[in-house]
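Undergrad: Here you go, sequence then predicted model.
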Amino acid sequence: MSNEDQDVPLNAIRAFVMIARHGGVSGAARALGTTQSSVSRHLSVLEHYLGEQLLARRGRTSGLTDFGRSFVSVVGDSLDTVCFTAKRMRRSQQSASNRIVVRTSLSTFAYTILIPNLESFSAQTGGALVDVMTSMAPPAAHDGFDILLTRDLDLAEPGAHWDVHEERLVCVGAPSHVAKKGAGALRTMPILTITSRPDILPNWLNAMDLSPGQIQLGARYDHHYLALPAVTTGRCLLVAPEIIVSGLVRDGVLQIVPGSQTPSGMQYRAYVVDRTPNIVLARSFCRWLARLCRTSVTAEEG
């Protein structure tokens, strides 16, 4: 088998990086908690794999060759990144800590409502940390999360759920345009299209008793959070879940087109998986999130 076909000797690379950082084989052995002979074997394996000498002996001392210095400068930082990431994602180390992982398919909701308010939840729960990850894919039982926040995904494993928000749709635009045109803006200004939510525009048009031929279709964006800057600064409209534009409406950055609110028929749910090691904290999060959604909607209506 040629070197090109052999698996990369990752343990040997780690041993060599420790040799470079700790000044030799003995220092690397102490750092790794192993024997000098073991480190030397790793060094030999890596040199054989690379086909180059990494360590040169000079009498009773040794030092890195030019190739060795070049190699460690390239792989050292990458190895640190791998180790750091693995430690951060090691679920067994988090089981007893004040920390939960929230997985959500609602990326714009997370961006506009959830994440900006997490400091409040943390303050109420003694400094709890909330990791947030987004994915549109159906979750699997082996995925590492405590809570699934979703509108359209099912949880295939045991878990309790909370209904946290009943979605309503609204059409918004920049106040400079909407204030002048009122409801007439719906027929004269292009409406942006969100490809990740193909259900929104047809459902909203049906509720508004409008046909596709009565509106102008504007630019397309993958997600609402990408379209928000476009609608706040451009001459266009956006049909979006009311809750994700609520803050911009309250701040006067966006204005609701009169009479454009309608239920979407979608329910946001938060599922707590039974296997979570932080069941109490996870349930507290779901109750807090439901209150947050009610507060956001009430504040907007007020």
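TA: Yep, that arrived.

Undergrad: In contact with the spatially closest residue to residue 102 that is not a sequence neighbour, which residues?
TA: Distances taken as Cβ to Cβ, 6 or more residues apart in numbering place residue 147 nearest to residue 102, at 4.7 Å, with adjacent residues excluded. Just so you know, the C-beta spots here come from the backbone N, C-alpha and C atoms, and that holds for glycine as well. Contacts here follow Cβ atoms under 8 Å, 6 or more residues apart in numbering; on that basis residue 147 touches 100-103, 270-273, 276, 282, 285-286.

Undergrad: switch to 7 Å and redo it
TA: 100, 102, 270-272, 282, 285-286 (Cβ atoms under 7 Å, 6 or more residues apart in numbering).

Undergrad: how near is it to residue 161?
TA: Relative to residue 161, residue 147 is positioned 10 Å away (Cβ to Cβ, to the nearest Å).

Undergrad: what residues are shared contacts of those two?
TA: Contact with both residue 147 and residue 161 is made by residues 270-271, according to Cβ under 7 Å, 6+ apart.

Undergrad: picking that back up, can you tell me how far the residue nearest to residue 102 is from residue 193?
TA: Note on residue 147: its distance to residue 193, by Cβ to Cβ, is 31 Å.

Undergrad: How about residue 239?
TA: Distance from residue 239 to residue 193, counting by Cβ to Cβ: 9 Å.

Undergrad: Name the helix or strand for residue 26, please.
TA: Per DSSP states H and E: residue 26 is located in helix 25-32.

Undergrad: For that helix, name the packing helices and strands.
TA: Identification of packing neighbours for helix 25-32 by 3 or more Cβ pairs under 7 Å, 6 or more residues apart in numbering; DSSP states H and E yields helix 10-22, helix 36-50.

Undergrad: Residue 220 - that's part of a helix, no?
TA: No - counting by DSSP: H, G, I helix; E, B strand; the rest coil, residue 220 is not part of a helix but strand.

Undergrad: you'd agree it is up against residue 191?
TA: No - checked against Cβ atoms under 7 Å, the pair residue 220 and residue 191 is beyond contact range at 10.9 Å.

Undergrad: Between these two, tell me which one has more neighbours.
TA: The residue with more neighbours, out of residue 220 and residue 191, is residue 191; 21 against 11, by other Cβ atoms under 10 Å.

Undergrad: that's a helix at that one, yeah?
TA: No - looking at residue 191 with three-state DSSP, it is strand, so not inside a helix.

Undergrad: Distance of it relative to residue 269?
TA: Residue 191 sits 28 Å away from residue 269, going by Cβ to Cβ.
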